[in-house]
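Asks: dropping the sequence and predicted coords here.
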Amino acid sequence: MKKATIQLETLTCPSCLLKIENATKNLQGVQKESVQVLFNSSKVKLSFDEKTIALEKIEQAITTLGYIVKKSQARAM
Amino acid sequence: MQKYILARKNTIAAVSALLIILGFTSALGFHNERLAMWSLALASVLGVAPIAIQAYQALRVKVVSIDVLVTIAVAGAFVIRNFEESAIVTFLFLFGAFLEQRTLQKTRSAIKELTEMAPESAWKQQEDGTFGEVAIDEVAVGDILLVKTGAKVPVDGLVQSGDGYINEASITGEAVPVGKQKNSHVFAGTILENGTIQIVAERVGEDTTFGRIIELVEEAQDSKSETQRFIDRFSLYYTPLVLILSLLVWLVSRNLELAITILVLGCPGALVIGVPVSNVAGIGNGARHGVLLKGSEVIHDFSKVDTIVFDKTGTLTMGNPSVADTVYYTTEKEKTAAYLVSVELESDHPLANAIVEKLGNIDTYTVGKTDVAPGGGIVAMVEGKRVVVGNVTLMEEEQVAISDQVQKDIVRLEKQGNSLVLIAFDGEAKALFGIRDQVRPNVKSHLQRLKKLGVKHLVVLSGDNQGTVDLVARQLGLTEAYGHMLPEDKAAYIKKLQEEGRIIAFVGDGVNDSPSLALAQIGIAMGSGTDVAIETSDVVLMSSDLSRLPLALGLSKAILANMRQNIAIAVGVVLVLLASVFFSEWMNMSIGMLVHEASILVVILNGMRLLRYRLRRAR
């Protein structure tokens, strides 16, 4: 398991949170309860199983929603 | 394609603005209805594209977002061929989003400034002993790093060699530079103002005090209070509800225009954004001034506090005894002082340290035959004389002559709460020192401000004896003061107060009072860099004096008031809009959207006032 912090461009609408949350939660390999979308710091924090899903795939799920990923990093838990 | 459109939202807004102007001038100025219609229709289609894409994406993840409402409304306006309205509504929505993004960035600026203080590179010792610049990620615990004048300290570490002055404002909020020598601890993100030091890395990256502060602040800003969770849940069902309502209106009245107007008016924008905006601006302001408020729940509770309990006298006083009064009974002052320091240097008793610190640099004599009388003092030989240094009991035992004058001074100093040290040789007392733990500068005015902010009870619970505690309480105007308290007594006392219905903030350093810190509604940790305190408390004051406490309380109150204003504005606007659509003639989609976007900007601007919040000086 790894812990990812994904920095997005400034989030402006609180409903964006819901969208990102739902989109990432439903990815295979992402731990559902760990998903945290921080509105003010415009960050997504989540734990994922690196054997099932690559960090790039998670980023992709977010960018297809129309949000720009600025930076991301994953740390071993 | 989708991404292409979304990334150009702002350009689209500008183009559709131009088209709208073209449309209206050709309609009103040249009576060219055809051109007007076409340019407005084009503006609508362009404008609705990014909104529709967002709506589609929201629906795909099962969210009925504002975009969905607006897209349907615009589509409806198209159906009834009201291109004016559809063009203006889409433009306002896009332009509003642009302004929101800009202003929101402002409210978050305080935190951004803070994160930008994070160091990015370090001078690391290579294998050949020279120093080379590396990215901060490459620094590991145990590395030896060089910090030059003007540079940021890259990690938390221990000074190995060199000395200098460091500005620790990013950690403590205090701008006065702190001197650092060998074995001093230094913190990441602080700035070496002069000197050069070499440090060993002890904690790196997110584990540094600075890294943790940033993480805590970020989490605090996004932590949700009960109210906010309610609003979130509410808006989750609210948007679908608006959709259903407008559908019902359409089915009943067969008036499509009315139905789509309701869609636009019902947007919950200001309501969902109002509370987070107050939060982020307020917490950001605090973080910049050395006050860490951990989330909106804390702010809510803290602003209602009526009792503040201090963990020990040391929080209000300097914490270490110092010489407060000196009386000599001899003309040989210098010799007496020199004897005294010579003897006291033999001891590491706190009272001895206080005297050495006070009298400082002085020529000392060789001391022989030192004999420590436990609980009394020291007897030693200096220059062949028997020198007695200690308290009154020791003087009596050594049969030192105490004159009436000395006796009077002893009584006076004891009354003021001093511990006494006498020095005697040649059989008589030569000098008397009153030593006590002195009240910290300005504490009184800080406490006064707390009272002004509505705190009714100021209590100190201390392990010291009751006499000392009473003295401090009298000096500072505390309402209650209890001595001889063990940590469990303190916890029990807090419980008792809580049962009386009081809301309590407990101020401590978090070292041995964690039960009380946890028990009180608000645990306030003081002092910089203590990990336990930062983790367990609700509020962290980064400086070691009390100056931040009134700011923390005042700020909490201001944030809470600001949130309430924002909720009132948001709810008020929606109610007025919905009422006017049914009871007035002038309401339409465009005005609705304008008012709606304006209300969002108003709550953001209102939140931004918190960035400038400063406590007014108490007079």
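Replies: Arrived safely. All figures in this text were calculated on a predicted structure; none of them were measured in a lab.
Asks: which residues in chain A form helices?
Replies: Assigned by DSSP state H, the helices in chain A fall at A:14-25, A:55-63.
Asks: and those: which comes nearest chain B?
Replies: Closest to chain B of those is helix A:14-25 (C-beta to the nearest C-beta; 3.8 Å). From N, CA and C alone the C-beta is placed, and that goes for glycine too.
Asks: could the C-alpha coordinates of that closest one be exported in CSV?
Replies: Provided in CSV are the C-alpha atoms of helix A:14-25 (Å, rounded to 0.1, in the frame of the first residue of the first chain):
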residue,chain,number,x,y,z
PRO,A,14,-17.4,22.5,-3.5
SER,A,15,-19.2,20.2,-5.9
CYS,A,16,-15.9,19.5,-7.5
LEU,A,17,-15.0,17.7,-4.4
LEU,A,18,-17.8,15.4,-4.7
LYS,A,19,-17.0,14.6,-8.3
ILE,A,20,-13.3,13.9,-7.6
GLU,A,21,-14.2,11.9,-4.5
ASN,A,22,-16.7,9.7,-6.3
ALA,A,23,-14.4,9.3,-9.3
THR,A,24,-11.4,8.1,-7.3
LYS,A,25,-13.3,6.1,-4.8
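Asks: and chain B, which residues reach chain A?
Replies: Within chain B, the positions adjacent to chain A are B:2-3, B:6-7, B:53-54, B:57-58, B:61-63, B:65-67, B:97, B:100-101, B:104-105, B:108, B:111, B:218-219, B:221-222, B:232, B:235-236, B:239, B:269, B:272-273, B:276, B:279-280 by C-beta under 8 Å from any C-beta of the partner chain.
Asks: among those, which ones are buried?
Replies: By neighbour count, with 16 or more other C-beta atoms under 10 Å in any protein chain shown, the residues of chain B next to chain A hold B:6, B:53-54, B:57-58, B:61, B:63, B:65-67, B:97, B:100-101, B:104, B:108, B:111, B:218-219, B:221-222, B:232, B:235-236, B:239, B:269, B:272-273, B:276, B:279-280 as buried.
Asks: was I right about residue A:32 contacting residue A:25?
Replies: Yes. Taking contacts as C-beta atoms under 8 Å, residue A:32 lies within contact range of residue A:25: 5.2 Å.
Asks: and those two? Which one has more around it.
Replies: residue A:25 (17 against 12; other C-beta atoms under 10 Å in any protein chain shown).
Asks: still on that earlier bit, just the buried ones among the residues of chain B next to chain A: which are in helices?
Replies: Using DSSP H, these in helices are B:6, B:53-54, B:57-58, B:66-67, B:97, B:100-101, B:104, B:111, B:218-219, B:221-222, B:232, B:235-236, B:239, B:269, B:272-273, B:276, B:279-280.
Asks: contacts only, for the most centrally placed residue in chain A.
Replies: Centroid check for chain A by C-alpha atoms, centre = their mean gives residue A:44 as the closest residue, at 4.4 Å. Residue A:44 makes contact with A:4, A:5, A:6, A:8, A:20, A:24, A:35, A:36, A:37, A:38, A:62 under the criterion C-beta atoms under 8 Å, 6 or more residues apart in numbering or on different chains.
Asks: nearest to chain B, of those?
Replies: The closest of those, once distances to chain B are taken by C-beta to the nearest C-beta, is residue A:38, at 4.2 Å.
Asks: how about the nearest residue to that closest one, chain neighbours excluded?
Replies: Nearest residue to residue A:38, sequence neighbours excluded (C-beta to C-beta, 6 or more residues apart in numbering or on different chains): residue B:222, at 4.2 Å.
Asks: where does the one you found land on pLDDT?
Replies: We have a pLDDT of 72 for residue B:222.
Asks: one more: residue B:67?
Replies: 83.
Asks: okay if I get the contacts of residue A:44 as a markdown table plus neighbour count?
Replies: Listed next are those as a markdown table, based on neighbours: other C-beta atoms under 10 Å in any protein chain shown:
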| residue | neighbour count |
| --- | --- |
| A:4 | 20 |
| A:5 | 18 |
| A:6 | 23 |
| A:8 | 22 |
| A:20 | 22 |
| A:24 | 25 |
| A:35 | 21 |
| A:36 | 16 |
| A:37 | 26 |
| A:38 | 19 |
| A:62 | 20 |
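Asks: least confident secondary structure element in chain B?
Replies: helix B:531-536 (a mean of 66; mean pLDDT, DSSP states H and E).
Asks: just after that helix, pick out the following helix or strand.
Replies: Using DSSP states H and E, the helix or strand that follows helix B:531-536 towards the C-terminus is strand B:539-541.
Asks: which other helices and strands contact whichever helix or strand comes after that next one?
Replies: Per DSSP H and E, the first helix or strand lying C-terminal to strand B:539-541 is helix B:548-583. When contacts are defined as 3 or more C-beta pairs under 8 Å, 6 or more residues apart in numbering or on different chains; DSSP states H and E, helix B:548-583 sits against helix B:226-253, helix B:256-265, helix B:269-288, strand B:291-293, helix B:296-302, helix B:443-452, strand B:539-541, helix B:589-608.
Asks: residues in contact with the fourth one?
Replies: Translated: strand B:291-293. B:173, B:213, B:216-217, B:220, B:282-283, B:286, B:299, B:302, B:534, B:538-542, B:548, B:551-552, B:555-556, B:559.
Asks: what is the burial count for residue B:138?
Replies: Quick note: residue B:138 (other C-beta under 10 Å) scores 11 neighbours.
Asks: pretty sure it is touching residue B:123, no?
Replies: No. If you go by C-beta under 8 Å, residue B:138 and residue B:123 don't touch, sitting 11.6 Å apart.
Asks: picking that back up, and the helices and strands packed on helix B:548-583: which comes nearest residue B:331?
Replies: helix B:443-452 (38.2 Å; C-beta to C-beta).
Asks: residues in contact with that closest one?
Replies: Outside helix B:443-452, the residues touching it (C-beta under 8 Å, 6+ apart) are B:308, B:316, B:458, B:475-478, B:545-547, B:549-550, B:553-554, B:615, B:618.
Asks: residues of that helix that come out buried?
Replies: Going by 16+ other C-beta under 10 Å, helix B:443-452 has these buried residues: B:443, B:446, B:447, B:448, B:449, B:450, B:451.
Asks: skip ahead from it and say which helix or strand is next.
Replies: strand B:457-461.
Asks: what about residue B:415, how many neighbours?
Replies: The burial count for residue B:415: 10, using other C-beta under 10 Å.
Asks: that one and chain A, how far apart?
Replies: Separation of residue B:415 from chain A (C-beta to the nearest C-beta, to the nearest Å): 55 Å.
Asks: please report the distance of that residue from residue B:322.
Replies: Separation of residue B:415 from residue B:322 (C-beta to C-beta, to the nearest Å): 18 Å.
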